[in-house]
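Novice: what shape does this take:
(chains A and B)
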Amino acid sequence: MTAGNKKKKTSFLSIPAVQTVIASLLCILAGLLIGFIVLLIINPGHAWTALTDILKNFWNYNKPATQMKNLANTLVKTAPLLMCSLSVLFSYKVGLFNIGAAGQYVAGAGACIFCTVGLGWGWFPALLASIVFGALIGAISGVLKAYRNVNEVISGIMLNWICLYLVNTLLSGVKNPTSPYTYSISLKVVTTDGVQSTAANPGATLPQLGLQGLFSNNKYIGLAIILAVVISVGIWVLLTKTKLGYELRATGLNKNAAKYCGMRDRANIILTMAISGALAGIGASLLYLTGYEEWSVTQASVPAMGFNGIAAAFLGGLHPIGAIFSSYFIQHITDGGAQLNKQIYPSEISNMISSMIIYFCGFVLFFRLTLMKRLRGRGDRKGGIKA
Amino acid sequence: MILLIQYTIIFASVLLLVALGGCFSEHSGVINIGLEGIMVFGALGGALVMSSMPDGSAGFLVVVLSILASIFVGMLYSMLLGVAAIHFKADQTLIGTAMNLLGTAGATVIVKALNTAANPDNPSATLQYVNARKSFLIAQGTEFNWFMPLALIILLLAWFVLYKTRFGLRLQSCGEHPQAAASVGISVFKMRYSGVLISGALGGLGGLVYITAGVSEWKFDNGVAGFGFLALAVMIFGAWKPFRIALAALLFGFFRALSNVYTGFDLLKQLNLPSTVYNMLPYIISLIVLIIFSKNSAAPKAEGIPYDPGSR
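Specialist: I've put the predicted structure just below:
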């Protein structure tokens, strides 16, 4: 009986999905441990409460209504993060590291804000515009990779900054003259006789679909998070259940073999980067079209959303469904950081924890290899063969 | 005009130092996307020394200690990349990204914690070093500082080390064909660690130069505003060769300086281009260079590939 148990346990460990979950949990634990140590160094007395405050995030509020409202805020920001992580993991499955997700996200943001505030469009065409522009930027990286063999990481980094400055310039035209931010998307700019003024544009915000009733009248929650989850499932289906997904993954595993089998490797690379870019672009509109925040045209660094997408993608084990949970978790602790007592602890500690988690994700491959070696060493043949 | 020259040289020396750092790392076979984070931490090390030195300290001491601190912290921070990428065969792009995020977040946490510990009503991420910074200036009243000759010396040294010493040639062999290097008895691990450490030292120093460029306080929640990435562009534009990197650094430093002071020139003012155009130009130029020259790229052949002694 005990021997049987043991055998079952070791083969259980050799299931890839189990390994992925364990590895991700270990990364989280390691990240939290580092965070805890930093909290201890800053102020040992309150470190434990601070850590639990970060992890509790909206549970810190006593009233259920306030809890729901804050949960909704976290969900609003989870949607774009999830899209960015899908963007990263989709291209990673095809062997491309889309560090340019940040820039594609910026392009999407510029497109949807300009279309609503500048042109007075409704949310749907604005959303489409952000998809198109995100895809376009992604496709540039793809074309450079396919035809000129330019490393997609390098072109992605360059394009991130080019997009940032372009969008800053573009959106300066729809800037609120009294602040560095653009006008709220519920307004549109109207120029009469050379004088700029604003008019209402209520159609620009994403529909709430009655979700505000569930979340104590949170103004921002709505279509975005639902759409993001649906797209995650869609990406999972595309990657695992369709011919195109199979081809793309084959290209990622071995470009030359895929080419030999008659797959169009160049077209596949470009298509992958375009889809990847579209995902990041739509992510931006899922945030900015809720009206949750405005774009600051003076920002001098690329928004971290795209980079956090890398974190969420790897933490989710590079699986579209895993990404849903990891994106929520990362956003959860990021918002949790705002719960800290600012007179003792800086709120950036939660950014620090998420960056440590990404760092530890780098060790996952090594961890899995060692685990498989271990399992094989124990004479667990089943595990050995699977490896 | 003088202002433009000053800023060009300052930004060029920052870019030169950091890009040379990246150059060493890549020649050893490790892609260092994390230069931005290394710069932030190096800057933090230097700034902490500068802000904690008493006002009457000898200028020479301030200069030497803060430089050493930035180099040391930069090297320490670069080991995050070294250990992960060399020993644990981690994805170098992923680790670099993590380091960039950690750079800004970590430095902000440290500075804010120090500031709040000193005064609970001051939760800012700003460090001040008004007096200490003056020690770096060659002539008071201008912005010419000791980092400029230092950058020049390091440029010459870098060229000499890379091409004229046994160490440099071995280092490069590890980035071109590590298995071949190992077959003649070169320790690839050691060489790659050296490459990453040198990039940490130069990146950290570059960070210090950047935060003393015309300002005497630094808001660490801004990071270094993409200068690490710009340095990567410089390195690529400079084809991984020290002297070409120096020219690239001058060119890109010139654009960056223009974006700060272009309003002082009537001709440029009449063009009426937004300052973002000057900020964008370096990235666009590097992208175009990549497009033209990538077919026979000068990049080290084995960069980014973890070294596995078993593969051939």
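Novice: in the stretch 151-300 of chain A, what residue is nearest chain B?
Specialist: residue A:165 (4.0 Å; C-beta to the nearest C-beta). Backbone N, C-alpha and C define where each C-beta goes, glycine included.
Novice: which of the helices and strands in chain A ranks last by mean pLDDT?
Specialist: helix A:381-386 (a mean of 46; mean pLDDT, DSSP states H and E).
Novice: show me the shaky parts of the stretch 51-200 of chain A.
Specialist: A:194 (pLDDT under 70).
Novice: need the residues of it near chain B, please.
Specialist: A:97, A:99, A:144, A:148-150, A:153-155, A:157-162, A:165-166, A:168-169, A:172 (C-beta under 8 Å from any C-beta of the partner chain).
Novice: number of residues surrounding the closest residue to residue A:273 other than its chain neighbours?
Specialist: Using C-beta to C-beta, 6 or more residues apart in numbering or on different chains and skipping residues adjacent in sequence, the residue nearest residue A:273 is residue A:142, 3.0 Å away. Residues near residue A:142, counting by other C-beta atoms under 10 Å in any protein chain shown, number 29.
Novice: report the buried residues of the strand or helix carrying the residue of the stretch 151-300 of chain A closest to chain B.
Specialist: Following DSSP states H and E, one finds residue A:165 within helix A:152-172. The neighbour-count criterion (16 or more other C-beta atoms under 10 Å in any protein chain shown) identifies A:152-171 as the buried residues of helix A:152-172.
Novice: in the helix or strand bottoming out on mean pLDDT in chain B, which residues are buried?
Specialist: Least confident helix or strand of chain B, by mean pLDDT, DSSP H and E, is helix B:266-271 with a mean of 71. Going by neighbour count (16+ other C-beta under 10 Å), nothing in helix B:266-271 comes out as buried.
Novice: kindly report the same for stretch B:113-130.
Specialist: Quick answer for stretch B:113-130 (16+ other C-beta under 10 Å): B:113-116, B:123-127, B:129.
Novice: so who does the residue of the stretch 151-300 of chain A closest to chain B touch?
Specialist: Residue A:165 makes contact with B:276-277, B:279-280 under the criterion C-beta atoms under 8 Å, 6 or more residues apart in numbering or on different chains.
Novice: most widely separated two among the residues you listed?
Specialist: B:277 and B:279 (7.2 Å; C-beta to C-beta).
Novice: between these two, who's got more neighbours?
Specialist: When neighbours are counted by other C-beta under 10 Å, residue B:277 and residue B:279 differ, and residue B:279 comes out ahead with 24 against 17.
Novice: does residue B:197 count as helix, strand or coil?
Specialist: The three-state label given to residue B:197 by DSSP: H, G, I helix; E, B strand; the rest coil is helix.
Novice: I'd say it and residue B:79 touch.
Specialist: Yes. Counting by C-beta atoms under 8 Å, residue B:79 is a contact partner of residue B:197 at 7.4 Å.
Novice: so which other helices or strands are in contact with the longest helix anywhere in chain A?
Specialist: Within chain A, and with DSSP state H defining each element, the longest helix by residue count is helix A:64-93. Secondary-structure packing of helix A:64-93 (3 or more C-beta pairs under 8 Å, 6 or more residues apart in numbering or on different chains; DSSP states H and E): helix A:101-113, helix A:223-241, helix A:243-253, helix A:265-288, helix A:305-315, helix A:320-337.
Novice: give me whichever of these is most buried.
Specialist: helix A:101-113 (a mean of 32; mean count of other C-beta atoms under 10 Å in any protein chain shown).
Novice: relative to helix A:265-288, how tilted is it?
Specialist: 60 degrees (axes from the mean of the first three to the mean of the last three C-alpha atoms, to 10 degrees).
Novice: any idea how far helix A:101-113 is from the middle of the chain?
Specialist: 13 Å (C-alpha atoms, centre = their mean, to the nearest Å).
Novice: please identify the buried residues of the next helix or strand after that helix?
Specialist: For helix A:101-113, the succeeding helix or strand toward the C-terminus, using DSSP H and E, is helix A:123-148. By neighbour count on 16+ other C-beta under 10 Å, the buried set for helix A:123-148 is A:123, A:126-146.
Novice: how about stretch A:184-202?
Specialist: Under 16+ other C-beta under 10 Å, the buried positions of stretch A:184-202 are A:184-185, A:187-189, A:201.
Novice: now those residues in a markdown table, with secondary structure and distance to residue B:182?
Specialist: Shown next, in a markdown table, are the buried residues of stretch A:184-202 (DSSP: H, G, I helix; E, B strand; the rest coil; distance: C-beta to C-beta, whole Å):
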| residue | secondary structure | distance to residue B:182 |
| --- | --- | --- |
| A:184 | coil | 61 |
| A:185 | coil | 58 |
| A:187 | strand | 64 |
| A:188 | strand | 64 |
| A:189 | strand | 63 |
| A:201 | coil | 64 |
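Novice: out of those, who's nearest residue A:243?
Specialist: Out of these, the member with the shortest distance to residue A:243 (by C-beta to C-beta) is residue A:185, at 38.9 Å.
Novice: report the contact partners of residue A:201.
Specialist: Residue A:201 neighbours (C-beta under 8 Å, 6+ apart): A:116-117, A:120, A:185-188.
Novice: one more time with 7 Å
Specialist: A:116, A:120, A:186-188 (C-beta atoms under 7 Å, 6 or more residues apart in numbering or on different chains).
Novice: circling back: does the least confident helix or strand of chain B come close to chain A?
Specialist: No. Using C-beta under 7 Å from any C-beta of the partner chain, helix B:266-271 stays clear of chain A, coming no nearer than 14.3 Å.
Novice: how far does that helix sit from its chain's centre?
Specialist: 32 Å.
Novice: does anything pack onto it? Which helices or strands?
Specialist: Applying 3 or more C-beta pairs under 7 Å, 6 or more residues apart in numbering or on different chains; DSSP states H and E, we find helix B:266-271 packed against no helix or strand.
Novice: check which helices and strands the helix or strand following that helix sits against.
Specialist: Under the assignment DSSP H and E, the closest C-terminal helix or strand after helix B:266-271 is helix B:275-293. Secondary-structure packing of helix B:275-293 (3+ C-beta pairs under 7 Å, 6+ apart): helix A:152-172, helix B:227-237, helix B:242-261.
Novice: dump the ones you listed into TSV; add distance to residue A:28 as well.
Specialist: Converted to TSV, the helices and strands packed on helix B:275-293 look like this (distance: least, C-beta to C-beta, whole Å):
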stretch	distance to residue A:28
helix A:152-172	26
helix B:227-237	27
helix B:242-261	39
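Novice: quick check: which of those is nearest to residue B:144?
Specialist: Using C-beta to C-beta, the nearest of the helices and strands packed on helix B:275-293 to residue B:144 is helix B:242-261, at 13.8 Å.
Novice: ok, is the closest one in contact with chain A or not?
Specialist: No. Using C-beta under 7 Å from any C-beta, we find that helix B:242-261 stays clear of chain A, coming within 9.5 Å at best.
Novice: give the buried residues for that helix.
Specialist: B:242, B:245-246, B:248-261.
Novice: mind checking the SS state of the residue of the stretch 201-350 of chain A found nearest chain B?
Specialist: Relative to chain B, the nearest point of the stretch 201-350 of chain A is residue A:346 (3.6 Å; C-beta to the nearest C-beta). At residue A:346 the chain is in coil, as set by three-state DSSP.
Novice: got the contact list for it?
Specialist: Per C-beta under 7 Å, 6+ apart, neighbours of residue A:346: B:108-109, B:112-113, B:123.
Novice: could you find the closest non-adjacent residue to residue B:198?
Specialist: residue B:24 (4.1 Å).
Novice: and the helix or strand harbouring the one you found, average pLDDT?
Specialist: Secondary structure from DSSP H and E places residue B:24 in helix B:2-27. Average pLDDT, helix B:2-27: 91.
Novice: for it, buried residues please.
Specialist: B:4, B:6-27.
Novice: counting by contacts, list what that helix packs against.
Specialist: Against helix B:2-27 (3+ C-beta pairs under 7 Å, 6+ apart) you get helix B:35-52, helix B:147-164, helix B:166-176, helix B:188-211, helix B:227-237, helix B:242-261.
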